[in-house]
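Visitor: would you be able to build a 3D model of this:
(2 chains)
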Protein chains: 2
Amino acid sequence: MSEIITAAMIVIGDEILSGRTKDKNIGHLADVMTAIGIDLKEVRIVSDDEDDIVAAVNALRARYTYVFTTGGIGPTHDDITADSIAKAFGVPCEYDEKAYRLLEAHYAQRGLEFTEARKRMARMPVGAEHIDNPISIAPGFRIGNVHVMAGVPSIFQAMLDNVVPTLKTGAKMLSAMIHCPFGEGVIGGPLAEIQKAHPDTIIGSYPKFLDGSFWTELVVRARTQEALDAAAGDVQAMVNALKAKQP
Amino acid sequence: MSEIITAAMIVIGDEILSGRTKDKNIGHLADVMTAIGIDLKEVRIVSDDEDDIVAAVNALRARYTYVFTTGGIGPTHDDITADSIAKAFGVPCEYDEKAYRLLEAHYAQRGLEFTEARKRMARMPVGAEHIDNPISIAPGFRIGNVHVMAGVPSIFQAMLDNVVPTLKTGAKMLSAMIHCPFGEGVIGGPLAEIQKAHPDTIIGSYPKFLDGSFWTELVVRARTQEALDAAAGDVQAMVNALKAKQP
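Guide: Numbers count the residues shown, from 1 in each chain, chains lettered A, B, ... in the order given. You can find the predicted model right below:
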């Protein structure tokens, strides 16, 4: 059996917790992880507070194969992610020469001053490797199993595209969706029996509520086609049997 | 000075972590908390796993004034929130008589069978109080400082509306927004100085990237009008000074 690869995400930023900015990165990371066969197991949204970031990074990097962070790597005083990650790893946070030169050249080319604030974006934990940023140049970085990326969705997505090929990916999770015109109250009992009979699958039930009536999306997930087909077949048979009972 | 009231949220569900369902509840809770003067400090998204739910509930209920959960209170086998919350509090999870009768009457009225699966929705930790559900009847519940609500956004929002009047709310956070036509690299330095000069405020900088250029939303937050006005005045003066320097 293939190795199971797991991941966690840390979204860093007061603006998400205040509601001012609505996160768009969690759903994107979840989709990408599912597509490449990595199990996203946990997400934490934390404030711009060093202790909170350090605690989350250390709790999650010990537990999961990969950790992905978004937010807090810009040039302003509330961008404390690089310092916090360095503290979590117990290494200094310093100007990275390669990042410094990249940014220096970038601003020179645009005729803009390389301010102290902009220089801050060249700081990273000692020993970190760059994650290229094709949009606004200031790199993200990887240290250990932690990948540190920007919070602006377009930049996050571009950075993640650069990270994906470097990840070891698990056996891809296969899934099958069965549309079920009944609510969870009708199918809950028989579905639990099917789940028991197929312990090597994950059977999810996602209630939908539209125009006053409930229906359900049933999703079977498994790591092998045989396990998937067997469980999905039983679920479909259950739905068909219920339909046959309808007046 | 008024008491600071804090909150955390736990979003429960494999479907969010797989990307199949995109969460809509975090942003709503964040907006509501901000509006009533409660600081949302942390959000965790966890899978449908009892140990993970128990760990998150116990970590967060000890740390924050209130905890709000969404998801996992429906009738299917993967709805394990009530059992997990009971375990976290060390109390049994049993059929609640009032909830049982409400649901029994609800299904009888609609001519629907009160299945074992539907009966599951009447289970809650012993000692819990109902959170009314005007949409689909099955109640959420509160035990200690933990409020357990549905994951379907319309039902979550209706339940939260019933919870809000029961919360003690902190001094409302006041905020002012200053539009800044410069990117963070330009303003990062002076903005840090303004934050240092106004320690009783939170100054956030939210970069926007549109059509190839950066601009910034600067948000000053404070618990008193005087603190807000003083800091916002300095931020606006900084922006005005930068504009005056433009060709």
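
Visitor: which residues outside the worst-scoring helix or strand of chain A on mean pLDDT are in contact with it?
Guide: The least trusted helix or strand in chain A, going by mean pLDDT, DSSP states H and E, turns out to be strand A:201-210, with a mean of 82. Contact with strand A:201-210 is made by A:183-184, A:187-188, A:191, A:194-195, A:214-222, A:227-228, A:231, A:235, B:14-15, B:18, B:20-21, B:74, B:76-78, B:135-136, B:152, B:154-155, as judged by Cβ atoms under 8 Å, 6 or more residues apart in numbering or on different chains. In this view, the C-beta of every residue, glycine as well, is placed from N, C-alpha and C.

Visitor: 6 Å instead, please
Guide: Strand A:201-210 is contacted from outside by A:184, A:195, A:214-222, A:227, A:231, B:14-15, B:74, B:76, B:152, using Cβ atoms under 6 Å, 6 or more residues apart in numbering or on different chains.

Visitor: in strands, which of those residues appear?
Guide: A:214, A:215, A:216, A:217, A:218, A:219, A:220, A:221, A:222 (DSSP state E).

Visitor: ok, now which ones touch the second one?
Guide: With contact set as Cβ under 6 Å, 6+ apart, residue A:215 has these partners: A:181, A:208.

Visitor: can you count the residues close to residue A:155?
Guide: 22 (other Cβ atoms under 10 Å in any protein chain shown).

Visitor: so the nearest residue to residue A:232 once chain neighbours are set aside, which state does it fall into?
Guide: Spatial nearest neighbour of residue A:232, chain neighbours left out: residue A:176 (4.1 Å); criterion: Cβ to Cβ, 6 or more residues apart in numbering or on different chains. Classification of residue A:176 by DSSP: H, G, I helix; E, B strand; the rest coil places it in strand.

Visitor: what residues does chain A have near chain B?
Guide: Chain A comes close to chain B at residues A:14-15, A:17-19, A:22, A:27, A:30-31, A:34, A:40-47, A:74-77, A:115-118, A:152, A:184-185, A:188-189, A:191-192, A:195, A:204-207, A:209, as judged by Cβ under 6 Å from any Cβ of the partner chain.

Visitor: what mean pLDDT does the longest helix along chain A have?
Guide: Criterion DSSP state H: the longest helix present in chain A is helix A:225-245. Per-residue pLDDT over helix A:225-245 has a mean of 95.

Visitor: also stretch A:16-26?
Guide: 93.

Visitor: buried residues, it. List them.
Guide: For stretch A:16-26, a neighbour-count test (16 or more other Cβ atoms under 10 Å in any protein chain shown) marks A:16, A:17, A:18, A:19, A:20, A:21, A:23, A:25, A:26 as buried.

Visitor: nearest to chain B among these?
Guide: Each of the buried residues of stretch A:16-26 was checked against chain B using Cβ to the nearest Cβ; the closest is residue A:19, at 3.3 Å.

Visitor: so which strand or helix has that closest one?
Guide: Counting by DSSP states H and E, there is no helix or strand that carries residue A:19.

Visitor: tell me the contacts of it?
Guide: Here residue A:19 is in contact with B:27, B:30, B:31, B:34 (Cβ under 6 Å, 6+ apart).

Visitor: among the residues you listed, who's most crowded?
Guide: That'd be residue B:30 among those, by other Cβ under 10 Å, with 24 neighbours.

Visitor: so which residues of chain A form strands?
Guide: A:6-12, A:39-46, A:66-70, A:93-95, A:123-125, A:129-133, A:137-143, A:146-149, A:174-180, A:201-210, A:213-222.

Visitor: same for the longest helix of chain A, what does it pack against?
Guide: strand A:174-180, helix A:184-197, strand A:213-222 (3 or more Cβ pairs under 6 Å, 6 or more residues apart in numbering or on different chains; DSSP states H and E).

Visitor: centre of the chain to the longest one, how far?
Guide: Translated: helix A:184-197. How far helix A:184-197 lies from its chain's middle: 29 Å, per Cα atoms, centre = their mean, to the nearest Å.

Visitor: the closest residue to residue A:29 other than its chain neighbours bridge partners, please.
Guide: Spatially, and ignoring its direct neighbours in sequence, residue A:29 is nearest to residue A:9 (5.5 Å; Cβ to Cβ, 6+ apart). Under DSSP bridges, the beta-bridge partners of residue A:9 are residue A:43, residue A:68.
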